[in-house]
Every structure is written in structure tokens, then in C-alpha cells.
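K.L.:
no sequence on this one, just coordinates:
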Ligand code: SF4
């Protein structure tokens, strides 16, 4: 239990207020209580307030943490932060409590004869290093691997990549962000040649229309959603359109809720483009000056089999061919497939097409966890490119992230098999560049990408990988088709190391458990969804022998003989690592702000050029990297042009049939952050949402005679699970669809999901598979 | 010690009036929502009888439409409707 507040009466009153805020947040999407700051702060005199980005989601709100007597005892939103302007959601307000759960891991545990034995940290690290050596000797470099996450700080991910890619010489480096936003990356790369959004959150203050593509923003990005609601209150004519497969809190707060059949967003996006062209809403000058047209391969498959490989091959097409392709996507034809009326498709097209409206599109997992995810991102970019509504204030296609540093660590540091901090492992120049900074011979870095996440766990199951170090993530809850990968991890002669702060289903499969220092128990940086890098200092001591993931990696690297490459001083290592990391991005297209800037303000956006964050990339007015002499320059592509892609609709790999007649969609809830390993230890949040449930459409529930609270068995071709029903509760799925959140480790919905993925991004689709529903 | 938290819903257009009225009641604290017509009310009273009186008084507030209890602490015990 959290023990921060000293006066018991004051503590109980604050808990009561937090309970009420939690309840209100669940009822009203985007609700905010700015005065709670002062109220919760009463009795907190004498606190030392220090700034930090929030530990939880990718919005990256700036927080102020009150420290007293060596403990974090209070939280408030940082009014200096342009992200949240002093606001916070319930998870942010409760964030520090996540450090004080009763069952924090404080000692290293080593499995001996089936039982975990407390072991001095130094001995456990010796064991990890010697096991890496043994595995490399017996099975080769590519038999060892590391699996991290978008919760890794920038220094964590950086030293992991340097150790495994630069020193050990394997590209077996992946992160759970592969399950979360690798499609966003391939979307950006295919359309623009460079990753991450061109705009920033300030776009919200300028846009007239917000179209949310399968994005339950009210629950997943509550502070940003409240900024949308705020704009609607302040400015006449601002509209929020919720385009989704399920009715949620977001739909209820939106001006218009439009439902589509799973996977058919591809067809609807093409129909919107069709309408834009038919109605002459194309911004011809923009398209002629700044865009090219291409098409890629189709019928790519779904990656369901081991060793599946795919490489797209594209060819140039012209506007005429593109227009001809769209003839198959008239609103009337698409209505039949998507369930979206032609009228609604035309309405959406008219919002994008209106030259007097600035439009933002938002998305997150709905478009990312999609077997044709790269395509749907391309198609939404097409809409913005055709209308020229891009890279200028208020005109912004905007991909949101779920984790605090999915962008900062995974995408920017490049902790994926094919990436380096700058560039790709396949590129000789990029390898030489990284090797020079890392002080290793260039030949150390393998030119061959190895396994993306799903294939990495398949390789562990097959025995191609024998050692895996998992840091700050919980794959034994999050992997699709979970049973195969859990069984694989538990096979004899596999060695699993897990660094975490609490016991989880993933620590259950570990041979060695290393206790990690959490968030402000160490220093670090996160990078949020708008390219903002934010620093936090160490504010409190970690418990017991807990150690930061960065320092664990450094200790192991030194034991493996890489003292020279990891010669950082303990007191200054974060500073030294960040200074070294900045060298990889030392150019106008990606320069990172110096640490002194990050220490003095609530973050800075890259490219940080000549003392300034770049708010709108590719726009000559704002971006110093534009050099083509035109108003826009998409410099990620060799010809300086963004690509409008011809991408068709293709069905999902598993669709409902007679035996399994319902779609299953999985996702998150407001109260819990991802697998709940932290938020389920915050009593108020746990009480507010104690377990998972299955949402049913009321008509289906009536037919099956199911009421809220009844036990329901959900079965797929891969497994089954029993859950209480939720009918007409927080979310309402469309007929013949069910929704189950994945935060509950006692009800593992991923036993049922399918490990199909987008062939381009290799990101699995957690939103669509077929299930049967039975009343118990 | 009885500490409770409530969500209080005002009559239409009377949110500020409701906030003012409740914050004038001894033992009550109010946190209004910025963007919704709802207030958080925290009550603090010494015993059950005082708590009952406080609740009755709140319920008589003219600008109040509806009062919903969220959590309650009584001595060392805790009950919750969350
Ligand atoms: S919106 Fe996200 S970053 Fe902001 S306070 Fe909530 S959980 Fe933290």
C-alpha cells in the first residue's frame, strides 16, 4: 500500500477524492479536474517538486513529483508542459503509487531445482553473462537475444543495442513496440521515407475537424482527448468524428459515431479518396509539386507459418491509373462491404475535402494492429496528401503511441532487428557509422536482420534461440497465440532472464529474475508521440538491490569483456550515454536537444536545430532541413516527394464462419496500463477495474440469454476462456462482435488470438479473429 | 471518522452555484470538473450521526440534481461503490 501522505485523515480524504476522479473518468470521457492539483497538494508543504514525464502512456504528460523523506508522495500536472498544460488523467495522478506495491522485486532470484532462490545481484549478473557466453559458444551468436519495450528509457535501449548488435554481433534485438507501433513506422517510411509524425500536439489548437480512426482516445489518451473537447467548447464548428468498429466512451463524446465492419477501413479510406477526386477537392498544385504515385505487391499472405518472409516491390504509376483503381471504391460499392452508408462515406470525404477546414486524423492500435496495417496508414496519408492537408498547423495525420518511449527508444534508438540508431543494419555505411561511435570493428555488426518479435518467439520455441533477456515488458501476457510461445519459453535448454519490478506471468517462465529500478528511481529519458524527448532525474532510491536496466546491461557487458565500450562512470553514465547517442543523429533532420535543455524545460522536439524544436517537419516555414526551395520538402524520399499509394482492400486471415461466428477484438481500458502489472497494484485503480470481462452486443446477449455478470465461454481455434459478460456497459460492440480487454493476467485473452501479422511491418493483428460465444 | 466522496450533478446551468453552496457547508470540500457538469464532493464527519446529517443537508441543496456516493471510509473500515 502506498504510504506517502503522513497525516492519516488527509491521506484518506485524498484517496476518497482520487476514487471519485477515477469513477468520473470511467463515466465521462476526457473529464478533467484541474483544481484537484491544489486540493491534492494540500498538506504537502515542504515537498521538493521535481519534473518528469508520466510513466504510463505515449501522450507523455509533464508531471511534477513531490518528494519528501526519500519517497515520492504527491503528483501534479506540470503547467509548464505544453503537452498537458498542468492537466493529468487518473493514471498520471496515481502513477507514483505503482512504485510502492507490496510485492516489489528487491532481490535477484535464480531458479534452482524448480524453486527461486534469492541470490546476490552480482552473482546473478555473473550467471547471466556466463550463460550468454556458453550459449554463443554452443549455438552461435544468433542463439542469444534481447527483448525490450517502449518503456525502456533511451539509455536502456541504447546500451542494449550497442551490446547485442555492436559487441556480441547479433541482430536479435527486438522490443514489444513491434506489437504496438511497427506498422506506424512502416506507414511513415513507405509514404514519407522517414519515421514519426510531421506535426505535433499543437495541431489540436488549429484543427476544425478530428477524425479518429479506430482510436478510443477518451480511454487511451485521455489528456489529449480532453484537449479536443476543450477546442470544441472554445471554437465554433469544431467536430469530432469517431470511426470505429465498436461504440465506446469516445463515440459517446463524438459529434458523429460511424461504425465499420472489421478490416473494411481499407475500402472506406479508398472510397474517401474516390470522392475527393470525383468532387474536384484535390489540391492539384500540392499533388503535382510534392507527391508521386506508386503501387506495391498484393496478396501478401499473413505470416501464419514459421519462416514466412515478404519484401514489397513497388512500381511507379500515374494519377490516371490511380483514379482507375479507385473506380472499384465508389461509396455505394463500399457501403455493401463495410456497413458504412454511402452518405456517411460522402460526409467524411466532404470534411477532408472542404478547403476551409483543417483536419487532423488520429489513430493508434486500431490501424497499427492490422494485417494490412501499413496499407491503411498509407491510405489515410493519401487522403491528407490529395487534399494538401499535411505538415501545416491543424492539418495533420497523427499516429499516437501507447508506451512512454515507443518513439524515443524503439523508433529513434532503433531497437528492432533491422535498425541501428541511425539507419539500417543492411546498409554498409550505416553499419560503419554506428561501429565508429560504438568503438567496435564494423564487421561486428551483422548485415542480416534476424527475427522480428513473433518470429523471435517462434525461434525460441524451435530452439534456434536458446537465450533470451526480457526487460520491462510482459510477453507472457501480450503475445498472440500465447500458448505456443509460453510452452516454447519453458522448454528445456532455454534460458530466460527477466528484468522487472513485479512478479508477472513472464517472470514465471524465467531462470533468472533481476529486480529493476523503476522510472524515477533512476535517471533517464522518454520520447513521446510528438517527437518530444523528456528527461527525468533520479528522485528516490530503488528498493533493495534493484538496479536500472541500463546499469544491469552495462554490468553484463563488462563481464563479457566489453569494458572499453562500456566504460561509463556510475554517477554520470546517463549523461555520457545520451551524449554518445546524440552523435548518431547529428544532422538537421534528426538532431536531439542537448541534455542541459532537457533538464531545464519539459522536453524538446527533434529535430532540435539551432536552439529550436521543429514543430512541423517538411514545411519550409518551420523545418530548417527543407532545402528544395519549395514550400514543402518531403526529404525522406530521394525525389523529395511523398507517395500516394495504390493499396486495395483485402480480407482478414480469419473471418467468422459457422463454427466461430463472432469477431473478437481485444484492447485496453482507462484504469489499467497495458498488462496491468503496475496499475493492478494501485488499489484505487484495481478496485475500479478488478478483472477482465467480455462485452457483447445487447441483441446477441438477448438471443443468447446472457446478462451482465453471467459467465460466458469464449472459444477460438487456439483456446478458450471464461469471463463475466458486460452488456450495455462501458463499450458496446456491433452485432456479432465481442470485445475483451487484455490487462488481466488471470484471464489471458491472448490464448485465443491469432499470430497473423502485417507482412510489411510484422506487427500482429489483435483486433480480429473468429470466436464462438456460449453462456455457461 | 467518516470520510466519503460523491459525484454531485447540478441542475442545468447551476454548476457554479452548487459548488459555492456545498463548499460553504462545514466538513465538505468540492473539486469541480473543468469540462463536465459534475463535481467531486468530499465529506468529513466525526461519526455516523454527523455523517447522516451532512448527507441530508447536501441532498437539500436546491441546485443539486443528483448525488452519487463513490467511496466511504468509516473508522478503519472501508466500503466502496467504485
Ligand atoms: S494521458 Fe497518459 S501520459 Fe498523460 S497522465 Fe494519463 S497516462 Fe500519463
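P.N.:
Nice, I can see it. In this text, all values refer to a predicted model and were calculated from it rather than measured experimentally. Numbers count the residues shown, from 1 in each chain, chains lettered A, B, ... in the order given.
K.L.:
Residue A:460: what's it in contact with?
P.N.:
Taking CB atoms under 8 Å, 6 or more residues apart in numbering or on different chains, we find residue A:460 in contact with A:145, A:466, A:468, A:485, A:488-489, A:494. In short, each C-beta sits where N, CA and C put it, glycine included.
K.L.:
a helix runs through it, doesn't it?
P.N.:
Yes: counting by DSSP: H, G, I helix; E, B strand; the rest coil, residue A:460 is located in a helix.
K.L.:
pLDDT wise, what is it at?
P.N.:
You'll see residue A:460 listed with a pLDDT of 98.
K.L.:
From residue A:475, how far out is it?
P.N.:
Applying CB to CB, to the nearest Å, the value for residue A:460 to residue A:475 is 10 Å.
K.L.:
and for those two, which residues touch both?
P.N.:
What both residue A:460 and residue A:475 touch, as defined by CB under 8 Å, 6+ apart, is the set residue A:485.
K.L.:
Give me the below-cutoff pLDDT ranges for chain B.
P.N.:
For chain B, the stretches with pLDDT under 70 are B:75-82.
K.L.:
That one against chain A: which residues are in contact?
P.N.:
B:1, B:3-7, B:29, B:31-36, B:38, B:40-42, B:44, B:70-73, B:80, B:82 (CB under 8 Å from any CB of the partner chain).
K.L.:
Just the buried residues of these.
P.N.:
B:3-7, B:29, B:31-36, B:38, B:40-42, B:44, B:70-73, B:80, B:82 (16 or more other CB atoms under 10 Å in any protein chain shown).
K.L.:
mind listing what's buried in the lengthiest helix in chain B?
P.N.:
What stands out as the longest helix in chain B, according to DSSP state H, is helix B:48-59. Within helix B:48-59, the residues that count as buried by 16+ other CB under 10 Å are B:51, B:54-55, B:58.
K.L.:
Report all helices and strands that that helix contacts.
P.N.:
Here helix B:48-59 touches strand B:2-10, strand B:39-45, strand B:64-74, going by 3 or more CB pairs under 8 Å, 6 or more residues apart in numbering or on different chains; DSSP states H and E.
K.L.:
quick check: angle from it to strand B:2-10?
P.N.:
For helix B:48-59 against strand B:2-10, the angle by axes from the mean of the first three to the mean of the last three CA atoms, to 10 degrees is 10 degrees.
K.L.:
what sits up against helix B:48-59?
P.N.:
B:2, B:4, B:6, B:8, B:22, B:25, B:27-28, B:41, B:43, B:45, B:64, B:67, B:74.
K.L.:
One more pass at 7 Å, please.
P.N.:
Contacting residues not belonging to helix B:48-59 are listed as B:2, B:22, B:25, B:27, B:41, B:43, B:45, B:64, B:67 [CB atoms under 7 Å, 6 or more residues apart in numbering or on different chains].
K.L.:
Quick check: the farthest pair among those residues?
P.N.:
B:2 and B:64 (19.9 Å; CB to CB).
K.L.:
Which strand residues bridge the closest residue to chain B within the stretch 351-500 of chain A?
P.N.:
Nearest to chain B in the stretch 351-500 of chain A, going by CB to the nearest CB, is residue A:362, at a distance of 18.4 Å. Beta-bridge pairing of residue A:362 under DSSP bridges involves residue A:212, residue A:398.
K.L.:
quick one on the thing from earlier: next, format the contacts of residue A:460 as TSV and append distance to residue A:682 and secondary structure.
P.N.:
Converted to TSV, these look like this (distance: CB to CB, whole Å; DSSP: H, G, I helix; E, B strand; the rest coil):
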residue	distance to residue A:682	secondary structure
A:145	32	strand
A:466	37	coil
A:468	29	strand
A:485	28	helix
A:488	32	helix
A:489	28	helix
A:494	33	coil
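K.L.:
distance between the longest helix of chain B and the chain's centre?
P.N.:
10 Å (CA atoms, centre = their mean, to the nearest Å).
K.L.:
That helix to strand B:39-45, inter-axis angle?
P.N.:
Using the same axes, to 10 degrees: helix B:48-59 against strand B:39-45 is 150 degrees.
K.L.:
wait, residue A:374 sits on residue A:190?
P.N.:
Yes: counting by CB atoms under 7 Å, residue A:374 does reach residue A:190; the two are 6.1 Å apart.
K.L.:
Which residue is the nearest non-sequential neighbour of the residue nearest in space to the middle of chain B?
P.N.:
Closest to where the C-alpha atoms of chain B average out (CA atoms, centre = their mean) is residue B:41, at 3.6 Å. In this structure, residue B:41 finds its nearest non-sequential neighbour in residue B:6, 4.4 Å apart by CB to CB, 6 or more residues apart in numbering or on different chains.
K.L.:
residues in contact with that neighbour?
P.N.:
Here residue B:6 is in contact with A:20, B:41, B:67-70 (CB under 7 Å, 6+ apart).
K.L.:
ok, of those, which one's closest to the ligand?
P.N.:
residue A:20 (17.1 Å; CB to the nearest ligand atom).
K.L.:
and that closest one, what does it touch?
P.N.:
Contacts of residue A:20 (CB under 7 Å, 6+ apart): B:5-7, B:40, B:70-71.
K.L.:
try 10 Å
P.N.:
A:33, A:36, A:684, B:4-8, B:31, B:38-42, B:68-71, B:82 (CB atoms under 10 Å, 6 or more residues apart in numbering or on different chains).
K.L.:
same question, residue A:59
P.N.:
A:53, A:83-84, A:89, A:92, A:201, A:217, A:220-225, A:227, A:400-402, A:404, A:528-530.
K.L.:
Get me the contact residues on the stretch 651-776 of chain A for chain B.
P.N.:
A:671, A:683-690 (CB under 10 Å from any CB of the partner chain).
K.L.:
Narrow those to those in helices?
P.N.:
Per DSSP H, these map to helices at A:683-688.
K.L.:
Adding neighbour count, write those out as CSV.
P.N.:
Formatted as CSV, those follow (neighbours: other CB atoms under 10 Å in any protein chain shown):
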residue, neighbour count
A:683, 18
A:684, 24
A:685, 27
A:686, 16
A:687, 16
A:688, 24
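K.L.:
tell me the contacts of the residue in the stretch 51-200 of chain A positioned nearest to the ligand?
P.N.:
Across the stretch 51-200 of chain A, the shortest distance to the ligand (CB to the nearest ligand atom) belongs to residue A:92, at 2.5 Å. Residues in contact with residue A:92 (CB under 10 Å, 6+ apart) are A:53-57, A:59, A:61-63, A:75-77, A:84, A:222-223.
K.L.:
ok, so of those residues, who is nearest residue A:598?
P.N.:
Out of the contacts of residue A:92, the member with the shortest distance to residue A:598 (by CB to CB) is residue A:53, at 10.3 Å.
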